[in-house]
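J.: After the sequence you'll find the predicted model.
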Amino acid sequence: MTERPFHLGWFLQGSSVQAWGEPWTGTIGQDWRHPDLFIDMARALERACFDYVLIEDSSYVGEAYGGSREIYLRDGLSVPRQDPSVVATLLLAATKRIGIAVTLATFTHHPYLLARIMASLDQMSGGRAGWNMVTGSSDMAARNLGLEAQPEHDLRYDMADEYMACANALWDSWEPGAIVADPESGVLVDHTKVRTVDFKGRWYASRGPLNSGPCVQGRPVIAQAGGSPRGRQFAATHGETIVANPKGIAAMKAYRDDVRARAAAVGRDPDSIKVLFLVNPIIGETAEHAELRRRERLLHADRRITQRLAHFSKVTNIDFASFDLDQPIDEGLRTNGHQQNLDTLKRMGAGGRTLRQAFSDYGATGLSVELCGTVDAIAGRMAEAMQEVGGDGFLFSMGDVSRRTVAEVADGLVPALQARGLTRRGYSHATFRENLLAF
Ligand SMILES: Cc1cc2nc3c(=O)[nH]c(=O)nc-3n(C[C@H](O)[C@H](O)[C@H](O)COP(=O)(O)O)c2cc1C
């Protein structure tokens with residue numbers, strides 16, 4: 001195979017209890033406190049030569065559905081959930097080559113604290129830390145931090161631009177060569193190479209320099225997921241790996257072309273950005289087995305429509321318990337939360353389709369590209385999709401995971417991809433960014 005290989009990432013649905021009540025989860029009800037599942041996962045994905053694991057996050061207990069915490073707590077929907085930077089530390093300690101991207105929101109951490117946490121992770125891992133840069137979208141989360149609400153959607157991105165400038169200035173406050181560590185002269189750090197930053201913006205200020213010392217990579221790898229036009233502009237300006245969920249080849253290509261054009265317009269090399277598209281393949285030992293599993297997944301999704309709607313309520317701040325499932329979707333619905341998700345649902349409900357129908361399709365259409373079959377069939381489909389879209393890879397978003405889910409991908413699908421020369425068989429570099437930019 002002569003074409004360029006593509007990149008692989010894994011979207012871990014929070015450092016939360018995973019798949020409570022599902023089969024193949026062992027004794028997750030007790031085990032969720034310990035990081036073993038995540039460590040096993042990171043090691044398996046490193047064996048499969050993934051670029052990175054992205055740990056999703058939010059910092060509140062859901063309450064939007066029916067105005068109650070009950071369903072979220074009873075069914076373990078994104079709660080209990082531990083701090084992702086703590087879990088990232090353990091994953092980095094348990095691995096040697098894979099990148100770990102941790103989600104930290106701009107409203108939860110001052111840029112100084114964020115820059116320090118990320119620099120610490122990058123140092124301890126020898127340059128394998130990434131930051132999934134999110135603005136946050138939940139008023140519930142804002143209230144946990146003593147704020148009243150989130151700023152309006154586009155304003156959040158304006159603030160985030162300034163946040164990035166501040167964090168970048170702090171990472172740059174240690175010039176290359178600042179650490180001398182010369183036993184003869186006795187100098188550890190050349191003080192002339194460590195600068196005050198004196199950043200003063202409209203929303204953020206920091207004096208600096210950063211006391212953690214510099215990142216190994218200069219800065220962590222920046223992951224981003226802007227879906228709206230303003231979000232894409234932000235992602236194209238700052239992101240190095242962009243995770244996206246447009247549905248279908250045409251939408252995937254349009255998204256990637258748009259991000260690349262925006263990047264070029266702000267003076268960046270579009271090839272320095274890797275867009276990874278969400279997939280959740282249904283893998284079977286035969287085509288028939290995969291088809292059976294696909295049907296089972298649809299039934300399962302319908303059985304869990306309440307839990308799925310509760311999750312959707314959480315990310316959009318809309319109480320879906322207040323709507324009749326068998327009535328058309330209210331086209332006037334608006335959110336200051338995840339706009340792209342709501343827009344997709346509304347599209348699926350167009351023409352008077354009911355909430356149940358639209359939501360059933362929302363869950364059924366798969367993610368960016370539908371993948372169902374044997375590992376060979378799926379590997380072939382992934383290759384075709386990449387050829388049609390132009391690049392750059394896939395982010396596995398398997399929902400709540402068990403060790404079985406991880407093994408199906410790491411030990412089932414990835415060897416089939418590698419056999420076709422579609423994904424790497426080894427890491428050529430030591431750091432996350434170098435591996436991401438290697439092809
Ligand atoms: C793969 C993926 C992962 C995301 N992870 C998080 C996350 O961990 N925390 C969060 O608050 N938002 C997360 N988001 C939401 C995005 O930050 C963003 O708000 C969303 O894609 C909608 O884009 P928009 O804000 O430009 O409309 C994620 C989105 C995607 C597609």
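T.: Arrived safely. Every value quoted in this text rests on a predicted model; they were computed, and no experiment measured them. Numbering: from 1, shown residues only.

J.: Around the ligand, pick out the residues from the stretch 201-350 of the chain.
T.: Ala225, Gly226, Gly227, Ser228, Gly231, Val243, Ala244, Asn245, Leu278, His338, Gln339, Gln340 (CB under 6 Å from any ligand atom). For every residue, glycine as well, the C-beta is placed using N, CA and C.

J.: Present the residues you listed as CSV; the columns should include pLDDT, distance to Val189 and neighbour count.
T.: Converted to CSV, those look like this (pLDDT from 0 to 100; distance: CB to CB, whole Å; neighbours: other CB atoms under 10 Å):
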residue, pLDDT, distance to Val189, neighbour count
Ala225, 95, 36, 25
Gly226, 89, 37, 26
Gly227, 87, 42, 20
Ser228, 89, 43, 15
Gly231, 95, 39, 23
Val243, 97, 36, 26
Ala244, 94, 41, 24
Asn245, 90, 44, 20
Leu278, 96, 43, 22
His338, 83, 43, 20
Gln339, 80, 45, 17
Gln340, 79, 45, 17
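
J.: if we take these, which one ends up nearest to Val401?
T.: Val401 lies nearest to Leu278 out of those, by CB to CB, at 14.3 Å.

J.: Surely that closest one is within a strand?
T.: Yes. Using DSSP: H, G, I helix; E, B strand; the rest coil, the assignment for Leu278 is a strand.

J.: On the three-state scheme, the closest residue to it other than its chain neighbours is what?
T.: Among residues not flanking Leu278 along the chain, Leu367 sits closest, at 3.9 Å (CB to CB, 6 or more residues apart in numbering). For Leu367, the assignment made with three-state DSSP gives coil.

J.: tally of neighbours for Leu367?
T.: For Leu367, the neighbour count with other CB atoms under 10 Å is 20.

J.: Would you tell me what helix or strand the residue in the stretch 201-350 of the chain positioned nearest to the ligand is located in?
T.: Distances between the stretch 201-350 of the chain and the ligand by CB to the nearest ligand atom are smallest at Gly231, namely 2.1 Å. Assigning secondary structure by DSSP states H and E places Gly231 in helix 229-238.

J.: got the contact list for the residue of the stretch 201-350 of the chain closest to the ligand?
T.: Tyr157, Gln224, Ala225, Gln340 (CB atoms under 8 Å, 6 or more residues apart in numbering).

J.: That one and Ser137: what is the separation?
T.: Going from Gly231 to Ser137 by CB to CB, to the nearest Å gives 11 Å.

J.: give me phi/psi at Ala205?
T.: Dihedral angles phi and psi of Ala205 (degrees, to the nearest 10) take the values phi -140, psi 150.

J.: Any idea how many residues pack against the nearest residue to it once chain neighbours are set aside?
T.: What sits nearest to Ala205 in space, not counting adjacent residues and going by CB to CB, 6+ apart, is Phe199, at 6.0 Å. Close neighbours of Phe199, defined as other CB under 10 Å, add up to 20.
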